[in-house]
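**Student:** turn this into a model:
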Amino acid sequence: MPAEQIQSAPDDDSRRDQAAIDSDGLPSGERLSLAEMTRIMDVATTLRKERALVEEQLNIDQIKAKLRERLMEAARVSGDTVSEAEVDAAVEQYYDRMHKFAEPPHSWRTMVAHVYVRRGPILKIAAALVVAAAVLWGMFFAGLLPGKRRDSLQAANKVSAVAAAVETIDDVAADPAIRDEAAALLAAAQVAAEQQDLAQLDQVLAEVDALSAALMQDYTLSIPAGADEQSAIEREWNDEQGTRTSGFYVFVEATDAQGNPVKVPIRNRETGQTERVSRWAEQVPQEVFDRLAADKQADGLLDENTFGAKRRGERELRIELPGAGGQPIERMGQITSWD
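**Tutor:** Just a heads-up that it's a prediction; the model follows:
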């Protein structure tokens, strides 16, 4: 038999190499596992979505045009009479607001969230203050400290309280002048502490606490508008000198974003006393009083029922009720009782 027709059987190494080749033409060492294939597909899907988003942003005018067509068609089918200009304005307003961040309304939930974010420093400071206060006050009541030393420690504690209130004011105050006022109060507290004038320290602490509390308040001032609610009153009263005075007032109610009553310190012009109330009466010019009276007499309801608003970080109420010239009226007197 010729030599070229004689073929030898493949050796063991050749058989092993051949067995290592899979049906997909790749050696077994180069094949991808199912998990690896899944990860690759996830990456490809993410890239495709991102590319689609980029293309959408680049073709925003075409997308707006299609949206306008759909809105016009929907209005035609439903029988709504809207113009192209109104639809265009609605589309533009939608896209303008799409990526705007709206600050959540102030509530106990947002306050808890802010406290939670800063919980580390707050807990450390609170723990240190509690321990220090417990030790110092324990020594004070036990009579272990001499009089001057007790006064010094009391002064130091009051200055610390003033400093904490000033820090709160700095965080929320919208007006730099308010922060300057708070800094001046802190300086006054430090001077009083050096002189160990505890009475002056108490006065400064009361002022800074009142300022901090006022800045933290956020409420809307509304005039009762219902048919069965009293919206205004004409008031006559005698002052301490016996002078008879008349005035025109609208009733107002302070409520927060959730509709809960908010108590506000109000000085009663007739008594000179300051009370914390959520309902009181604000004096207005007679022409405003007459305008509101005519408004309510027309149908039994008061349409113009917003008096003003007090926002967090601001000290003063912003009056929105317009006067005869269209500008907000200036704030006049207040009363807390009218019986």
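**Student:** going by C-alpha atoms from here, please, whenever you check contacts or count neighbours.
**Tutor:** Fine.
**Student:** the strands in the stretch 151-300 of the chain, which residues?
**Tutor:** For the stretch 151-300 of the chain, the strands defined by DSSP state E, counting those that start in this stretch cover 219-222, 232-238, 244-255, 264-267, 274-277, 279-284.
**Student:** next, the angle from the last one to strand 232-238.
**Tutor:** Here strand 279-284 points in a direction 80 degrees away from that of strand 232-238 (axes from the mean of the first three to the mean of the last three CA atoms, to 10 degrees).
**Student:** just checking, what packs against strand 279-284?
**Tutor:** strand 244-255, strand 334-335 (3 or more CA pairs under 8 Å, 6 or more residues apart in numbering; DSSP states H and E).
**Student:** flag every buried residue along that strand.
**Tutor:** Residues of strand 279-284 classed as buried by neighbour count (16 or more other CA atoms under 10 Å): 279-284.
**Student:** quick one: average pLDDT of it?
**Tutor:** Strand 279-284 shows a mean pLDDT of 95 in the predicted model.
**Student:** gap between the residue nearest to Ala182 when sequence neighbours are not counted and Val191?
**Tutor:** Excluding its sequence neighbours, the residue lying closest to Ala182 (CA to CA, 6 or more residues apart in numbering) is Val166, at 5.6 Å. As judged by CA to CA, to the nearest Å, Val166 and Val191 stand 16 Å apart.
**Student:** the more surrounded of those two?
**Tutor:** Higher neighbour count among Val166 and Val191: Val166, with 24 against 15, using other CA atoms under 10 Å.
**Student:** check contacts around that one.
**Tutor:** Taking CA atoms under 8 Å, 6 or more residues apart in numbering as the criterion, Val166 is in contact with 179, 182-183, 186, 208, 212.
**Student:** tell me how many other residues surround Pro285.
**Tutor:** 16.
**Student:** hang on, the earlier thing: any chance of the strands of the stretch 151-300 of the chain in a markdown table, plus distance to Ala74?
**Tutor:** Putting these into a markdown table (distance: least, CA to CA, whole Å) gives the following:
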| stretch | distance to Ala74 |
| --- | --- |
| strand 219-222 | 39 |
| strand 232-238 | 47 |
| strand 244-255 | 40 |
| strand 264-267 | 50 |
| strand 274-277 | 51 |
| strand 279-284 | 48 |
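**Student:** and those, which one averages the lowest pLDDT?
**Tutor:** Among the strands of the stretch 151-300 of the chain, strand 232-238 scores lowest, with a mean of 84.
**Student:** quick one: that strand to chain centroid distance?
**Tutor:** From the chain centre to the centre of strand 232-238 is a distance of 38 Å (CA atoms, centre = their mean, to the nearest Å).
**Student:** now that strand: buried residues?
**Tutor:** 232-233.
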